[in-house]
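Asker: how does the following fold in three dimensions:
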Amino acid sequence: MANRIFDEYFKKLDPQKMYFLESDVQQFRQYQPLFSEMLLKGSLNIPFDIFRLYRQRVEERYDYIFKELEKPFDFEADESFSIDRKKMDRATTVEQINDVWRRRLKNDFLRLKLAGTDETKIRDTLRKRYVNNRNQILRMNSEEVAELFLNAYSDSTDPHTTYYSPTSAKNFDVQLSLSVEGIGAVLQKRDEYGQIREVVAGGPAARSGQLHPGDRIVAVGQGESGPMEDVVDWRLDDIVKKIRGKRGSVVRVEVIPAEGGLD
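Answerer: As a prediction, the model looks like this:
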């Protein structure tokens, strides 16, 4: 049980292995046998210590990527970037993890370039995206960290059991109250995207015929003419909040179609 909770907590913090080095995980390995005991005692000191290191690594990675964003790219080089890094080994050195981030940046840049966006706008879009993603993590409070750890426990025990913090429970009640509505689609997090898992029959998305399972949401705009806000790398709850609105209101969604593939 302790082993499963330990591994699941690191997966929830860093599912794509983009922040922690292997040495970061190993330095906490000595506390792994205590994870079951911590739950019995209600002590979350070690999970919070791990999260503090996570915040530090997040700041380091984004400090590096902001500097790289100002540099030119060599698109003639024979390089690749793996979108799904879940099954890959963690980087063992700062040089390795920086190279992963450099390739990620280059990949993000190239996607927008292939879509016909000019380079000045690309850099501005990516800078806003990265700032937003970094800030979402740095703004996480103690309630959210505790929820993350307790869900690492519940997922290790039963994938159908979820712990809701007071704030999450309130959001869940709002969804059930019908005082606000969505687009009629069930979303899931896939890599850095909010992906449409299912289109609800009879809902706005199904009636429009424009959205389909597998589509990845990249931007959301409120109202007929509100600005489209980049939501790549947002947490799923935040994407849902951005889409949700009062009955009859307009929301605009920009997607990468499922059949188009990530590239």
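Asker: show me where this structure has strands.
Answerer: Along the chain, the stretches classed as strands by DSSP state E are 185-190, 193-199, 216-222, 229-230, 251-256.
Asker: regarding this structure, what is its longest helix?
Answerer: The residue-count maximum for a helix in the chain (DSSP state H) belongs to helix 45-69.
Asker: give me the contacts around that one.
Answerer: By C-beta atoms under 8 Å, 6 or more residues apart in numbering, the surrounding residues in contact with helix 45-69 are 9-10, 13-14, 18-21, 24, 28, 31, 34-35, 38, 97-98, 101-102, 104-105, 123, 126-127, 130-131, 133-134, 137-138, 140, 142, 145-146, 148-149. Glycine gets a C-beta too; all of them are placed from N, C-alpha and C.
Asker: check those residues for burial and list the buried ones.
Answerer: Buried residues within these, counting neighbours by 16 or more other C-beta atoms under 10 Å: 9-10, 13-14, 18-21, 24, 28, 31, 35, 38, 97-98, 101-102, 104-105, 126, 130, 133-134, 137, 140, 145-146, 148-149.
Asker: sorry, back to before: could you point out which of the strands of the chain sits nearest Ser43?
Answerer: Among the strands of the chain, strand 185-190 comes nearest to Ser43, with 29.2 Å by C-beta to C-beta.
Asker: give me the mean pLDDT for the closest one.
Answerer: Averaged across strand 185-190, the pLDDT comes to 82.
Asker: list the buried residues in that strand.
Answerer: For strand 185-190, the neighbour count (16+ other C-beta under 10 Å) marks Ala185, Leu187, Arg190 as buried.
Asker: what is the orientation angle of it with strand 251-256?
Answerer: Taking axes from the mean of the first three to the mean of the last three C-alpha atoms, to 10 degrees, strand 185-190 and strand 251-256 form an angle of 40 degrees between their directions.
Asker: which parts of the longest helix of the chain are buried?
Answerer: Applying a neighbour-count criterion of 16+ other C-beta under 10 Å, the buried positions in helix 45-69 are 46-47, 50-51, 53-55, 57-58, 61-62, 64-65, 69.
Asker: which of those lies closest to Asp118?
Answerer: Distance to Asp118, by C-beta to C-beta, is smallest for Leu69 among those, at 15.2 Å.
Asker: next, give phi and psi for Tyr164.
Answerer: Dihedral pair for Tyr164: phi -110, psi 130, per degrees, to the nearest 10.
Asker: my guess is Thr93 contacts Asp24, does it?
Answerer: No. Between Thr93 and Asp24 there is no contact under C-beta atoms under 8 Å: 11.8 Å.
Asker: neighbours around the closest residue in space to Phe6 that isn't next to it in sequence, how many?
Answerer: The shortest distance from Phe6 to any residue other than its chain neighbours is 4.4 Å, reached at Gln32 (C-beta to C-beta, 6 or more residues apart in numbering). Neighbours of Gln32 under the rule other C-beta atoms under 10 Å: 15.
Asker: what do you get for Gly221?
Answerer: Neighbour tally, Gly221, other C-beta under 10 Å: 16.
Asker: list the contacts of it.
Answerer: Pro227, Met228, Glu229, Val251, Arg252, Val253, Glu254.
Asker: could you dump those residues into CSV and include pLDDT, neighbour count and distance to Ala115?
Answerer: Listed next are the contacts of Gly221 as CSV, based on pLDDT from 0 to 100; neighbours: other C-beta atoms under 10 Å; distance: C-beta to C-beta, whole Å:
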residue, pLDDT, neighbour count, distance to Ala115
Pro227, 89, 10, 18
Met228, 90, 13, 13
Glu229, 89, 14, 17
Val251, 91, 17, 22
Arg252, 93, 15, 17
Val253, 93, 23, 16
Glu254, 93, 15, 11
